[in-house]
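**Student:** What would the 3D arrangement of this be:
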Amino acid sequence: MDNRRLLYAISISLAILVLFQVVGGYFLPKPPVKPLVPHHAATMNTPTGASRTAPSNATPSNAAPSNATPGAPGEATAVATVAPRLKIDAPAIRGSMSLLGARLDDLVLTHYHESVSKSSPLVQLLSRPTGKKSYYVQFGWDAAPGSTLAVPGPQTLWKSSGGVLSPNHPVTLSWNNAAGVTYELLLAVDNEYMLTVQQRVVNAGTAPISVFPWSRIRRDYLPAVEGSFTLHKGPIGAFKGTLHEMDYDGVKSGAKHPQVGQAPGTAFQETDIGGWAGITGKYWLTALIPSQGTEMTGAYRYLARANDPKQGAWQVDYMTARPIDAAPGATAETTLHVFAGAKVLSILNRYETKYHIPVFERAIDFGWFFFLTKPIFIALDYLAAVFGNMGVAIIVFTVVLKLVLFPLVRTSYRSMGRMRAVAPKVAAIRERLKDDTVQQQKEIMALYKAEGVNPAAGCLPMLPQIPIFFSLYKVIFISIGMRHAPFILWIHNLAAEDPTNIFNLFGLIPIHPSTLSPFLHLGVLPIIMGLTMWGQQKLNPPPPDPTQAKMMMFMPVIFTFMLGRFAAGLVLYYCVNNSLTILQQWFIMRGVSQQPRRPIDAKV
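**Tutor:** Residues are numbered from 1 along each chain as shown. This is a model prediction of the structure:
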């Protein structure tokens, strides 16, 4: 077999895998978004939170609100900055909720800091609409079209039942519209990241009322997230049992052309019984989870500012597909949950089971190789819990993986050992018949047959390991267990690059060469990885083509610089994997070199 053709085949296979994992989600077409308008009306309103003052014209109680644009993006910064607040204090989250507009806009995660230092600020998940980085959850009602019913709006000042919202102390917010109707928000929080919100309407008036409860998550800025091609960020949700993702750019571009019957700025809209929707990032998720027995209409939107079309807000919202009705003296309510916290797989699984949330664990972006990524994710989490160190977990996982793949690798190394043994004879044939390529290939193949060597057997068994490498890369990139996880000595964060740098003599020179070029960052761990790769290469048979041999000599150097900016956890895996490979390869090839020559008709 022509080794160049084999090399080309492997390169093409690797390229295909890279395209699928790294850029496949960007270039491949996404599932078509089917426009869906609630069956009870031709149009649907988006949550505005504004009071309805239009005169009543006997609109049927089951009609949807008018097709209006959501509250202007500037609305959030226009409200008063000083207002009474409801304090929130739970084991995993802490913050407050503004009583002006019933806005959950101040939430930190108590178990996570901004940096490795424990004295650094806690991670701020939701932020107040007093600056450019506003991110909040809000609840409200819309009245039926044409109704004079007053509903709470963004300037509504709610009254709290008192106390601090905590796992053992629910709180009720209420507002009376002075016409016999009281709106209530019954709030509860658990020990982790889930809030329960009951939206209740108490009708003490003399006429029946119909309202559409809604909730929304709104982000008034575009967050900076690394790994734009390997990680989904932006709106995400489950509709009709299927995960539907749209990144920020996709929502922004899709909002320019809403479907017929959709409000301006709508990029996606679907009606379903249950499901969930929210906004996700690398480690954190904010999601609305309606009652799984309630028909709801969810939407992803981009709302451009009227005074600056280039700026806007991203919004994910839910509204009941049908109004809830309250007769005189009666009460109507609907319940939803709000997840606001870290994407910990075990926590997501518990909530998925407890509240029957479809595919909730898929909020973690396992990627195209999810059938490999998820088991690796679970295995590393388990080993980290057992050994108390994620770096040790990576080492143990690598050892176990090498044992599992040993039969496959053994076949490969035996073939490579035989290839190395016959390499001088192959070189002699090439030199002797360098002007007769056809005869050269015939004699080489005859030699391989006589020596019982199959060139493909040395390379093809290695191909299944490529998806494993990319899956491990994905896990280290997305796993919150890897974030700020220390190993030993100078490695304090396995999710970040090795902090040392040979170009400033590992800190002796007070400069940061990587500010000049990202390639001028090369830590101790990548250097060790490069050395192990060089040692592994020395045990492999040299390519018969001199040009290929020279190119292969530079591969350890190239990979060393490439992995210099990769997460330390991935480089650690590579170091351990290469070291184990060298040991395996040395013992197997040493045994092969001591074996007698196989018969001519032997099969590999």
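**Student:** contact partners of stretch 233-243?
**Tutor:** 31, 223, 225, 244-248, 250-251, 268, 270, 272, 275-282, 285, 287, 298, 300, 314, 316, 357-360, 362-363 (CB atoms under 8 Å, 6 or more residues apart in numbering). Using the backbone N, CA and C atoms, a C-beta is placed for each residue, glycine as well.
**Student:** so where is the stretch 451-600 of the chain shaky, pLDDT-wise?
**Tutor:** 455-462, 464, 540-545, 589-600 (pLDDT under 70).
**Student:** can you give me the helices for it?
**Tutor:** For the stretch 451-600 of the chain, the helices defined by DSSP state H, counting those that start in this stretch occupy 465-478, 524-539, 546-562, 568-593.
**Student:** What of the stretch 251-400 of the chain?
**Tutor:** Under the criterion DSSP H, counting those that start in this stretch, the stretch 251-400 of the chain contains helices at 345-355, 370-387, 390-404.
**Student:** Now do the last one: which elements does it pack against?
**Tutor:** The helices and strands touching helix 390-404, judged by 3 or more CB pairs under 8 Å, 6 or more residues apart in numbering; DSSP states H and E, are helix 370-387, helix 568-593.
**Student:** Out of those helices, which is closest to A179?
**Tutor:** Between A179 and these, the shortest gap by CB to CB is with helix 370-387, which sits at 52.8 Å.
**Student:** Export that closest one to CSV, keeping only CA atoms.
**Tutor:** The C-alpha coordinates for helix 370-387 follow below in CSV (Å, rounded to 0.1, in the frame of the first residue of the first chain):
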residue,chain,number,x,y,z
PHE,A,370,-22.6,13.1,23.0
PHE,A,371,-22.6,9.3,23.1
LEU,A,372,-18.9,9.5,24.0
THR,A,373,-18.8,12.9,25.7
LYS,A,374,-21.5,12.2,28.3
PRO,A,375,-20.0,8.9,29.6
ILE,A,376,-16.5,10.6,29.8
PHE,A,377,-18.2,13.5,31.6
ILE,A,378,-19.8,11.2,34.1
ALA,A,379,-16.6,9.1,34.6
LEU,A,380,-14.4,12.1,35.3
ASP,A,381,-17.0,13.5,37.8
TYR,A,382,-17.1,10.1,39.6
LEU,A,383,-13.3,9.7,39.7
ALA,A,384,-12.9,13.3,41.0
ALA,A,385,-15.4,12.6,43.8
VAL,A,386,-13.5,9.4,44.7
PHE,A,387,-10.0,10.8,44.6
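**Student:** Would you reformat the helices of the stretch 451-600 of the chain as TSV and include mean neighbour count and distance to R128?
**Tutor:** Conversion of the helices of the stretch 451-600 of the chain to TSV gives the following (neighbours: other CB atoms under 10 Å; distance: least, CB to CB, whole Å):
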stretch	mean neighbour count	distance to R128
helix 465-478	21	29
helix 524-539	19	41
helix 546-562	13	42
helix 568-593	19	35
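**Student:** measure I466 to K87 for me?
**Tutor:** With distances taken as CB to CB, to the nearest Å, I466 is found 52 Å from K87.
**Student:** make that F239, sorry
**Tutor:** 35 Å.
**Student:** neighbour count winner among the two?
**Tutor:** F239 (21 against 15; other CB atoms under 10 Å).
**Student:** Find the residue closest to the more buried one in space, skipping its chain neighbours.
**Tutor:** E270 (4.3 Å; CB to CB, 6 or more residues apart in numbering).
**Student:** a markdown table for the helices of the stretch 451-600 of the chain, including distance to T331?
**Tutor:** Compiled in a markdown table, these are given as follows (distance: least, CB to CB, whole Å):
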| stretch | distance to T331 |
| --- | --- |
| helix 465-478 | 44 |
| helix 524-539 | 62 |
| helix 546-562 | 63 |
| helix 568-593 | 53 |
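**Student:** Minimum distance to A421: which of those has it?
**Tutor:** Across the helices of the stretch 451-600 of the chain (criterion: CB to CB), the nearest stretch is helix 568-593, sitting at 6.5 Å.
**Student:** helices and strands around the closest one, which ones?
**Tutor:** Using 3+ CB pairs under 8 Å, 6+ apart, helix 568-593 sits against helix 390-404, helix 406-432, helix 465-478, helix 524-539.
**Student:** if we can go back for a sec, hey, which of the helices of the stretch 251-400 of the chain is tucked in deepest?
**Tutor:** Of the helices of the stretch 251-400 of the chain, the one with the most neighbours on average (mean count of other CB atoms under 10 Å) is helix 390-404, at a mean of 18.
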